[in-house]
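Peer 1: Show me how the following folds:
(chains A and B, ligands or ions: 2)
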Amino acid sequence: MGLTLSVSELKKSYGGTVVLDGCSYRFEGGGVYAIMGPNGSGKSTFLRLCALIEKPDSGKADFIEEGVVIEHGLALMRRITLLLPSVGVFNTTVYENIAYGLKLRKVNKAEIEHRVLNAAEMVGLKDKLRRRAVTLSSGETQRMGLARALVISPSVLFLDEPTAAVDAKNSKAIEEIIQNIRHTLKATIILSTHDAGLAERAADTILTLRDGRATAL
Amino acid sequence: MDLIVEGLRKAFLLIFSLDAGLMGIVLLSLRVSLTALLIGTALGVPTGALICLKEKFPLRHLALNILNTAMGLPPVVVGLFLYLLLSRRGPLGALGLLYTASAMIIAQSILAFPIVASLSYAAISAVPPLIRQAAMTLGAAPFQTTMAIVREARYAILAAVMAAFGRLSAEVGAVLIVGGNIAGRTRVITSAIVLETDKGDFSEAIALGVVLLSISLCVNIALYFFSRRGRATGYLWA
Ligand SMILES: Nc1ncnc2c1ncn2[C@@H]1O[C@H](COP(=O)(O)OP(=O)(O)OP(=O)(O)O)[C@@H](O)[C@H]1O
Ligand SMILES: [Mg+2]
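Peer 2: Ligands and ions are numbered 1, 2, ... in the order given. Predicted coordinates for the structure are as follows:
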């Protein structure tokens, strides 16, 4: 079940340039949210801070389960994941890429295989599992990134422009996968996008990021 | 000219008859250089990774400059330095290691270490930052993240190890000084070539030279293979 994410007064600047200026918002567990905003408005920064792979200058991101704030640490990191706009592809097979998060979690081999096959099926890469991942097209790479993220059954899934570098057909497929994840995992999903149509169709709530703050439409 | 032709003829006879003396020398060479390579790698790869990946590594540039300088250490200087340490009156003289295979292994480990460390550093720093981020987003603990990055550099690191092996198998200065070129105990390919050439026994010297060249050739073919594997992905080979 998705965790609630309560962001309060997040601030971040890079070398004097203020990107986030006291950004606050509460993302309810199980909801799907789309963040929009012009280039450079800080969407990616916001997602990196929320996914806890970068530290804010001040402010905090609290993950809440049944009213209790979960302490930051590896255990929490393993319940959330962020799909970056350019997927960092490991130089190995598609199978090993998707299995990576499960191996980290010391999941047993039979279950890894089962879950990787399921995830690959979901994103339409079942026949490409033995391929070297670096040879995939960008649309396929994006779908592999999605499989790699969803295979670990995250409670919160952050997606940074999941459909940016892909054609209409792949974009449609990715949109369906997101809907699918929503129903099967019941995860909280927070995505950034420039595609108003996608935001409209996929999300319950659309936020805009402007002047370092988030506001709901 | 006759000397060379005659030398080559005898050399191939020695090689293909698997001459016991020759084989002993070749096997000792491989044992010394491969053991030293193993030690140099076990210490060098973590050192390169640490310098590259540890945030706020103290004096990173100084450490890199020292390693890069040490990559070109003249083997005779290493040999001399180690000789002074290990000689009977030296600080480590009590260990009784001078003129043993162990002394040669230590000398070659010292030669291998900076090569492996420095080239591993270069290999690991060529891994794009995206890999670290990807590992972190998928739930990797700090050490697992480091391992993911090092694993991405594996072909370039293998190439670094092969390069170090090339240097070890070809060097004579250090092993000659600390090994003493004792027949059956510390005589390796390169030191034997020096001796046989001095004695004028060219066939034995040429046979050993041919074996050494074959080893180099194999190493270079392997190097080429690994560097190509790395390059195929666009970034693994710096
Ligand atoms: N690591 C960094 N170092 C310096 N500046 C950065 C860094 N990351 C982001 N920035 C700056 O912060 C601002 C916000 O960047 P961010 O990538 O968060 O925007 P975005 O909304 O995702 O833009 P886009 O729609 O183009 O993806 C930009 O001006 C960018 O140059
Ligand atoms: Mg962005």
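
Peer 1: what distance separates stretch A:40-51 from the middle of the whole chain?
Peer 2: 11 Å (Cα atoms, centre = their mean, to the nearest Å).

Peer 1: now stretch A:84-104
Peer 2: Using Cα atoms, centre = their mean, the offset of stretch A:84-104 from its chain centre is 14 Å.

Peer 1: how long is that stretch from one end to the other?
Peer 2: 19 Å (Cα to Cα, to the nearest Å).

Peer 1: Is it positioned near ligand 1?
Peer 2: No: no part of stretch A:84-104 sits near ligand 1 under the criterion Cβ under 6 Å from any ligand atom; the closest distance found is 6.7 Å. Backbone N, C-alpha and C define where each C-beta goes, glycine included.

Peer 1: which of the residues in that stretch are buried?
Peer 2: A:84-92, A:94-102, A:104 (16 or more other Cβ atoms under 10 Å in any protein chain shown).

Peer 1: Low-confidence stretches in chain B?
Peer 2: Regions of chain B meeting the criterion pLDDT under 70 cover residues B:230-238.

Peer 1: cutoff 80 now
Peer 2: Across chain B, the ranges flagged by pLDDT under 80 are B:1, B:3, B:226-238.

Peer 1: In it, which helix is the longest?
Peer 2: Longest helix of chain B, by residue count under DSSP state H: helix B:20-53.

Peer 1: next SSE after that one?
Peer 2: helix B:60-71 (DSSP states H and E).

Peer 1: helices and strands around that next one, which ones?
Peer 2: helix B:20-53, helix B:101-125 (3 or more Cβ pairs under 8 Å, 6 or more residues apart in numbering or on different chains; DSSP states H and E).

Peer 1: Next secondary structure after that helix?
Peer 2: Counting by DSSP H and E, the element that comes right after helix B:60-71 along the chain is helix B:75-86.

Peer 1: what does that following helix rub up against?
Peer 2: B:90-93, B:95, B:97-98, B:103, B:106-107, B:110-111, B:171-178 (Cβ atoms under 8 Å, 6 or more residues apart in numbering or on different chains).

Peer 1: in that helix, what counts as buried?
Peer 2: B:75, B:78, B:79, B:81, B:82, B:83, B:85, B:86.

Peer 1: about what we covered before: just send the helices and strands packed on helix B:60-71 back as TSV, with mean neighbour count and distance to residue A:186 too.
Peer 2: TSV is the format used below for these (neighbours: other Cβ atoms under 10 Å in any protein chain shown; distance: least, Cβ to Cβ, whole Å):
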stretch	mean neighbour count	distance to residue A:186
helix B:20-53	19	37
helix B:101-125	24	40
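
Peer 1: who wins for proximity to residue A:155 among these?
Peer 2: helix B:20-53 (29.3 Å; Cβ to Cβ).

Peer 1: Report the angle between that closest one and helix B:60-71.
Peer 2: Taking axes from the mean of the first three to the mean of the last three Cα atoms, to 10 degrees, one finds that helix B:20-53 is oriented at 170 degrees with respect to helix B:60-71.

Peer 1: Distance from helix B:20-53 to the middle of the chain?
Peer 2: Centroid displacement of helix B:20-53 relative to its chain, using Cα atoms, centre = their mean, is 5 Å.

Peer 1: what comes up buried for stretch A:4-23?
Peer 2: Under 16+ other Cβ under 10 Å, the buried positions of stretch A:4-23 are A:4, A:5, A:6, A:7, A:10, A:11, A:12, A:19, A:20, A:23.

Peer 1: Mind checking if that stretch is in reach of chain B?
Peer 2: No: counting by Cβ under 8 Å from any Cβ of the partner chain, chain B has no neighbours in stretch A:4-23; the shortest distance is 14.9 Å.

Peer 1: is that stretch anywhere near ligand 1?
Peer 2: Yes: applying Cβ under 6 Å from any ligand atom, one finds stretch A:4-23 touching ligand 1 at A:14, A:19.

Peer 1: In PDB, could you pull the C-alpha coordinates for that stretch?
Peer 2: This file holds the C-alpha atoms of stretch A:4-23, laid out as PDB (Å, rounded to 0.1, in the frame of the first residue of the first chain):
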ATOM      1  CA  THR A   4       1.800   9.200   2.300                       C
ATOM      2  CA  LEU A   5       4.500  11.800   1.500                       C
ATOM      3  CA  SER A   6       4.500  15.000   3.400                       C
ATOM      4  CA  VAL A   7       6.900  17.600   2.100                       C
ATOM      5  CA  SER A   8       7.500  20.700   4.100                       C
ATOM      6  CA  GLU A   9       9.500  23.800   3.400                       C
ATOM      7  CA  LEU A  10      12.000  22.100   1.000                       C
ATOM      8  CA  LYS A  11      14.700  24.500   0.000                       C
ATOM      9  CA  LYS A  12      17.500  23.800  -2.400                       C
ATOM     10  CA  SER A  13      19.900  26.100  -4.300                       C
ATOM     11  CA  TYR A  14      22.800  25.300  -6.600                       C
ATOM     12  CA  GLY A  15      25.700  27.800  -6.300                       C
ATOM     13  CA  GLY A  16      23.500  30.700  -5.400                       C
ATOM     14  CA  THR A  17      20.600  29.900  -7.700                       C
ATOM     15  CA  VAL A  18      17.500  29.100  -5.700                       C
ATOM     16  CA  VAL A  19      15.700  26.200  -7.300                       C
ATOM     17  CA  LEU A  20      13.300  25.200  -4.500                       C
ATOM     18  CA  ASP A  21      12.200  28.000  -2.200                       C
ATOM     19  CA  GLY A  22      10.200  26.400   0.600                       C
ATOM     20  CA  CYS A  23       8.200  23.900  -1.300                       C
END
